[in-house]
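J.: sequence first, then the predicted structure, then my questions.
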Amino acid sequence: MSDDIDLKSPDLYLGGAPHDVFTRLRREDPVHWNPEADGRGFWAITKYDDIVAISKNPRLFSSAREHGGHRMFDENVVGVAGVGAEATDAPMISMDPPEHNRYRRLVSPGFTTPRLQLIETRIRERVCTILDRLGERKECEFVSEVAAELPIQVLAELIDAPQEDRGKLFDWSNAMIAEDDPELRKSPEATAADVRSMAEFASRLWDERLAKPGNDLISMLVHSRIEGEVMSKERYLGTFILLIAAGNETTRNSISGGLITLAAFPDERRKLAENPALLESAAAEIVRYVSPILHMRRTATADTELRGKPIRAGDKVILWYVSANRDEDVFSDPFRFDVTRGEPGHLGFGIGQHYCLGARLAELQLRIFFGEFLRRYPDAEPCGPIRRMRSNFVAGIKEMPVRLR
């Protein structure tokens with residue numbers, strides 16, 4: 001395998017995931033050493049089974065901030081979202097057991113099946129309202145008018161924030177995630193201002209829920225106890241950033257990427273439009289095919305070996321979900337989009353202790369959205385240049401004109 005391809009370079013993903021590169025890596029060098037110009041380098045893990053094994057062994061492969069955290073950069077230096085290590089305490093995604101498990105239990109009641117059933121009707125109402133606004137138009141800018149609206153509205157409801165503030169949540173989410181995109185993160189000064197604004201907003205919610213608790217996620221965080229102690233304000237802010245980013249980016253980009261995929265496979269789109277019973281398997285297949293989160297990072301805590309490669313204590317290990325979701329040894333004809341696929345679960349939401357808490361909510365939104373959208377616009381497809389986020393972390397789409405009729 002040639003060493004001239006740098007998987008860290010965000011420019012590599014501007015045209016979409018470089019699947020030709022990952023296919024070669026899976027075949028020729030599935031545990032690949034990627035040098036870094038500004039660091040010691042990292043191991044690129046591209047096979048499904050290897051990623052599952054690493055994800056289920058947090059003692060050997062750590063997500064904890066003390067070892068660098070869950071991002072390719074070092075969170076002790078750069079911070080949780082690339083905004084300065086002093087900005088927040090680590091969120092639970094940058095923790096290992098048993099600490100991770102304690103904090104996960106604080107948030108998990110917000111994503112139970114009964115709670116999702118309570119908001120399912122409101123999600124459908126929101127989808128219909130968003131689509132009603134399109135009226136009889138033949139085209140739209142799909143990301144800003146459609147894909148971004150649903151998850152950010154649902155997120156605002158989950159944290160019981162005013163819907164008129166959802167634009168702020170959307171902008172903050174982009175700024176936190178898109179550290180390599182100059183359009184979304186314009187300058188260190190602008191980012192610092194975003195962080196201050198978000199911290200002030202989160203602190204105001206904290207104070208309001210402290211005085212008057214409700215049935216929302218913020219109230220759960222403010223009033224829950226961890227072994228008898230309340231969550232610290234710093235830890236709360238880190239968790240708030242995680243909720244805002246994870247609650248928006250994954251679903252928004254799965255909706256946008258899902259439309260691109262359905263347009264590329266018109267027979268599958270037609271099959272889904274004619275048989276809504278397939279929406280559940282189709283939602284999972286959309287996440288597999290799109291892989292909205294490209295990778296996560298672990299750090300080896302001791303010397304070990306994988307496929308004959310010596311991994312040393314302190315080495316960064318990057319789990320490329322986008323590659324694992326096309327693994328030929330796991331998925332039959334992995335480059336085919338199949339709304340009836342029933343093979344092993346995708347890794348689009350991770351695996352193991354850090355499996356995404358909001359996975360069921362995300363797939364619920366996908367099922368409802370595409371059920372309503374395809375009923376109205378069975379032949380919708382992109383009709384102009386697709387502008388992608390400059391990122392090696394998320395498969396972000398910034399702009400996409402779509403022909404509806």
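T.: That came through, no problem.
J.: on the pLDDT front, check A85 for me.
T.: pLDDT recorded at A85 is 50.
J.: so where does S173 fall, helix or strand?
T.: helix 166-177 (DSSP states H and E).
J.: need the next SSE after that helix, C-terminal direction.
T.: helix 188-211.
J.: can you point out the buried residues in that following helix?
T.: 191, 194-195, 198-199, 201-202, 205-206, 209 (16 or more other C-beta atoms under 10 Å). Any C-beta I mention is one placed from the backbone N, CA and C, and that applies to glycine too.
J.: just want the angle from that helix to helix 166-177.
T.: For helix 188-211 against helix 166-177, the angle by axes from the mean of the first three to the mean of the last three C-alpha atoms, to 10 degrees is 120 degrees.
J.: give me the contact list for stretch 152-164.
T.: 110, 119, 122-123, 126, 130, 165-166, 169-170, 173, 201, 205, 214, 216-219, 243-244, 247-248, 251-252, 361, 365 (C-beta atoms under 8 Å, 6 or more residues apart in numbering).
J.: next: stretch 267-278.
T.: 262-263, 279, 282, 337-340, 370-371, 374-375, 378.
J.: helix/strand/coil for G41?
T.: Recorded secondary structure, G41: strand (DSSP: H, G, I helix; E, B strand; the rest coil).
J.: correct me if wrong: it contacts L7.
T.: No - judged on C-beta atoms under 8 Å, G41 makes no contact with L7 at a distance of 10.7 Å.
J.: now the common contact residues for these two.
T.: Both G41 and L7 are contacted by N34, under the criterion C-beta under 8 Å, 6+ apart.
J.: of the two, who's got more company?
T.: L7 (23 against 13; other C-beta atoms under 10 Å).
J.: contact partners for that one?
T.: L7 makes contact with 21, 34, 44, 318, 320, 392 under the criterion C-beta under 8 Å, 6+ apart.
J.: cool, V143 as well?
T.: 252, 256, 397-400.
J.: still on that earlier bit, show me which of the buried residues of helix 188-211 is closest to R105.
T.: Nearest to R105 among the buried residues of helix 188-211: R209, at 18.4 Å, using C-beta to C-beta.
J.: next SSE after the helix ranked longest in the chain?
T.: Taking DSSP state H as the criterion, the chain has its longest helix at helix 233-264. Toward the C-terminus, helix 233-264 is succeeded by helix 266-274 as the next helix or strand (DSSP H and E).
J.: pull out the buried positions in that following helix.
T.: 268-269, 272-273.
J.: got it, and stretch 52-61?
T.: Here stretch 52-61 shows 52-55, 58, 60-61 as buried, counting by 16+ other C-beta under 10 Å.
J.: can you count the residues close to E229?
T.: Neighbours of E229 (other C-beta under 10 Å): 8.
J.: which residues pair with it across the strands?
T.: I226 (DSSP bridges).
J.: quick one, grab the pLDDT at it.
T.: So, for E229, pLDDT stands at 74.
J.: how much space separates it from P109?
T.: Counting by C-beta to C-beta, to the nearest Å, the separation of E229 from P109 is 18 Å.
J.: on that earlier part again, list just the nearest of the buried residues of helix 188-211 to E145.
T.: D194 (23.2 Å).
J.: quick revisit: most neighbours among the contacts of stretch 267-278, which one is it?
T.: Neighbour max across the contacts of stretch 267-278 (other C-beta under 10 Å) = A282, 30 neighbours.
J.: and that one, that one's in a strand?
T.: No - applying three-state DSSP, one finds A282 to be helix, outside a strand.
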